[in-house]
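J.: one predicted model, sequence on top.
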Amino acid sequence: MNDLMNDKERLIWLEAEAEKAYGDMYDAPLGATATAAYSNAKEFMNDAIALAQRLGRREDVERLEIRLAHIKSVFRSHFS
């Protein structure tokens, strides 16, 4: 992440990092590596949601919360 990013760029970056971590979750062997990728995905997504809330971007908050719920559901059904 770059300190010169504006809030919109940071939001895009956080979401992209969450999606990358979600992809890493699928590529990881079962166990600690998959769990670590899941944790990263949740952390980036939660940071994106918090930023969207601070920016008053309700539609983004709702979309990101739905995506986070999906990521959690997938992890619980496939990796737990």
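T.: Right, received. Where do you want to start?
J.: give me the pLDDT for the closest residue to Asn46 other than its chain neighbours.
T.: Excluding the flanking residues, the one nearest Asn46 by C-beta to C-beta, 6 or more residues apart in numbering is Leu68, at 7.2 Å. (C-beta placed from N, C-alpha, C; glycine too.) Leu68 carries a pLDDT value of 98.
J.: before we move on, which element is Leu68 in?
T.: helix 58-78 (DSSP states H and E).
J.: just checking, what packs against that helix?
T.: If contacts are counted by 3 or more C-beta pairs under 8 Å, 6 or more residues apart in numbering; DSSP states H and E, helix 58-78 sits against helix 7-27, helix 32-54.
J.: what packs against the shortest one?
T.: Packing contacts for helix 7-27, counted by 3+ C-beta pairs under 8 Å, 6+ apart, involve helix 32-54, helix 58-78.
J.: many thanks, I have nothing further to ask.
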